[in-house]
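Got a predicted structure here, sequence first:
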Amino acid sequence: MGELFSSMRKVLKGNVLILTLGTVIRQLSLFVTFPFFSLYVRTLGGSMVDIGIVNAVRPLAAMFIYPIAGALTDKYSRVKVLVAANLLSVVLYLIYTLASDWRYLAVANFVNGLLVFRFPASSALLADSMDPRLRGRGFAAITVIPGFVGILSPFIGGYLMEVFEVEMGMRILYGVTVIGMLMITFLNWRYLDETLVTSSESITDIVGIIRGSYRDIWETLKWMPRELRFYAVMCVLTMVLNSFVGPYWIIYSKDIHGVSEFGWGTILTVTNLVQMLLTIPAGTIIDTHDKRKIAAFALALSSIPALAFPYVRGYYSILAVLTVISVANAFLMPLGGAIMADMVPSERRGMAMAAIGRGMLVTDLRGGGGGGPSMGFVMTIPVIIGSLLGGYVFQMSPVTPWIIQGCALFLNAIIATFLLKLPKRD
């Protein structure tokens with residue numbers, strides 16, 4: 001145990017510490033909104049299909065920005081890119097706060113997609129700032145520390161939805177997010193250190209970087225070795241599943257299982273606690289054992305509760321099923337970042353992560369849909385299709401999305417077992 005905390009102290013310094021603090025702040029503000037966003041869309045007049053449309057426009061906008069984001073990350077200042085994106089996010093979350101109709105949420109989600117250039121920059125900064133021998137524990141630490149701080153976030157969110165109802169509760173949370181993003185912007189501007197050795201600074205250079213960005217991302221896709229392409233397929237499947245099913249966990253639980261917003265919040269609180277308690281030990285296991293086998297086991301484990309979810313009844317049965325997913329996620333969350341950092345050299349990380357994201361394989365219970373550092377250029381069209389189809393399929397057959405998700409998770413486990421080959425540790 002002493003060695004474990006010693007490793008965490010070695011990881012949690014400099015850029016890693018500042019970026020982790022930013023995630024802590026988002027845990028207490030923005031992340032609280034995720035499980036209830038579908039209800040917010042419905043409260044503002046949106047249908048099931050409209051929920052899919054709102055979630056689809058974000059990756060649609062991001063599709064055009066990811067190549068530019070990767071090029072800026074690899075050739076311009078990563079810190080400046082991150083600070084600029086965070087500052088623009090302050091204005092963005094004001095739109096979410098003041099929206100009077102679900103169409104405003106669609107506009108806000110589209111704008112949110114345009115700001116994805118912050119994710120390759122933050123992912124590259126994290127990977128560059130970690131000791132290669134401690135990446136499993138490092139990504140575990142940056143997951144579990146904000147996670148522990150945000151353990152009660154779903155509980156708080158559920159309570160606010162019950163007391164103020166969905167519309168006012170979400171407006172309060174988005175208002176808090178605006179303040180939180182101002183704090184994060186200051187921290188990043190004041191304390192982050194640039195990791196890019198040489199970067200372009202002039203306006204002419206930046207215009208040239210943007211012009212060549214689409215060529216660069218295609219060059220990156222052609223460069224990808226065989227094992228990274230297989231891993232990209234796994235990541236795409238994961239993101240499509242989360243966009244297809246993610247927004248409807250809470251809808252199914254409320255409408256079919258009869259779970260209230262507060263009840264859903266308490267379920268997510270317990271499952272988050274289980275995941276956080278297991279993530280640090282999971283990071284240690286990832287650093288000392290075969291990452292491929294761990295990925296295969298965790299993905300196969302996730303498939304079982306996904307298939308069972310539509311058929312269980314009662315609060316505690318739902319809690320038990322989702323707890324199994326949280327156990328698998330405890331391994332998959334740090335595993336994805338560690339695998340990507342192992343596979344991609346530093347000079348290519350910005351563009352590679354713009355192409356396929358940070359490499360996340362987790363099952364999203366919060367309904368985040370398509371977005372965040374897990375997203376990448378090659379995922380955008382599949383995620384758009386998944387978001388649009390999810391609403392139609394759920395409306396026609398509420399059980400079907402989870403059957404598809406369970407089968408696809410098991411397919412990912414098969415890919416990890418037979419087709420994924422990881423490089424030796426540094």
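All right, it came through fine. Because the structure is predicted, anything quoted here is derived from the model rather than measured.

From the chain's centre, how far out is the longest helix anywhere in the chain? Work that out for me.
Across the chain, the longest stretch assigned as helix under DSSP state H is helix 153-191. How far helix 153-191 lies from its chain's middle: 18 Å, per CA atoms, centre = their mean, to the nearest Å.

what is the mean pLDDT for that helix?
Per-residue pLDDT over helix 153-191 has a mean of 92.

I'd like to know which elements it is packed against.
Applying 3 or more CB pairs under 8 Å, 6 or more residues apart in numbering; DSSP states H and E, we find helix 153-191 packed against helix 14-27, helix 30-33, helix 37-43, helix 78-98, helix 261-288. Every C-beta, even on glycine, is put in place using the N, C-alpha and C of the backbone.

V32: neighbour count?
28 (other CB atoms under 10 Å).

what do you get for the one 5 residues further on?
Using other CB under 10 Å, F37 has 24 neighbouring residues.

Quick check: pLDDT value at it.
92.

Please apply the same query to L4.
pLDDT, L4: 49.

pretty sure I217 contacts F64?
No - using CB atoms under 8 Å, I217 is not in contact with F64, being 11.3 Å away.

So those two - more neighbours on which side?
Set I217 next to F64 and count neighbours by other CB under 10 Å: I217 wins out with 23 against 14.

so what does the helix or strand that contains the more buried one touch, helix or strand wise?
Element membership of I217, judged by DSSP states H and E, is helix 213-223. On a contact count with 3+ CB pairs under 8 Å, 6+ apart, helix 213-223 meets helix 48-75, helix 349-356.

Which residues belonging to the next helix or strand after the shortest one are considered buried?
Proceeding C-terminally, helix 349-356 gives way to helix 380-396 as the next helix or strand, assigned by DSSP H and E. Applying a neighbour-count criterion of 16 or more other CB atoms under 10 Å, one finds T380, P382, V383, I384, G386, S387, L388, L389, G390, G391, V393, F394 buried in helix 380-396.

cool, stretch 276-289 as well?
So, applying 16+ other CB under 10 Å, buried residues of stretch 276-289: M276, L277, L278, T279, I280, P281, A282, G283, T284, I285, I286, D287.

okay, those in JSON lines with distance to L241 and pLDDT next?
As requested, the buried residues of stretch 276-289 are exported to JSON lines (distance: CB to CB, whole Å; pLDDT from 0 to 100):
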{"residue": "M276", "distance to L241": "23", "pLDDT": "83"}
{"residue": "L277", "distance to L241": "25", "pLDDT": "86"}
{"residue": "L278", "distance to L241": "22", "pLDDT": "89"}
{"residue": "T279", "distance to L241": "21", "pLDDT": "82"}
{"residue": "I280", "distance to L241": "26", "pLDDT": "77"}
{"residue": "P281", "distance to L241": "26", "pLDDT": "85"}
{"residue": "A282", "distance to L241": "21", "pLDDT": "85"}
{"residue": "G283", "distance to L241": "24", "pLDDT": "79"}
{"residue": "T284", "distance to L241": "28", "pLDDT": "80"}
{"residue": "I285", "distance to L241": "24", "pLDDT": "86"}
{"residue": "I286", "distance to L241": "22", "pLDDT": "83"}
{"residue": "D287", "distance to L241": "27", "pLDDT": "79"}
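
Below-threshold pLDDT in this structure: ranges please.
Applying pLDDT under 70 to the chain flags residues 1-10, 135-137, 196-213, 367-373, 422-426.

hang on, the earlier thing: mean neighbour count, the helices and strands packed on helix 153-191: which tops it?
Of all the helices and strands packed on helix 153-191, helix 30-33 carries the top mean neighbour count, a mean of 24, counting by mean count of other CB atoms under 10 Å.

on that earlier part again, looking at the helices and strands packed on helix 213-223, which is closest to R313?
Closest of the helices and strands packed on helix 213-223 to R313 is helix 48-75, at 22.1 Å (criterion: CB to CB).

Direction-wise, compare that closest one with helix 213-223 and give the angle.
Counting by axes from the mean of the first three to the mean of the last three CA atoms, to 10 degrees, helix 48-75 lies at 90 degrees to helix 213-223.

Taking helix 349-356 as reference, get the angle to helix 48-75.
160 degrees.
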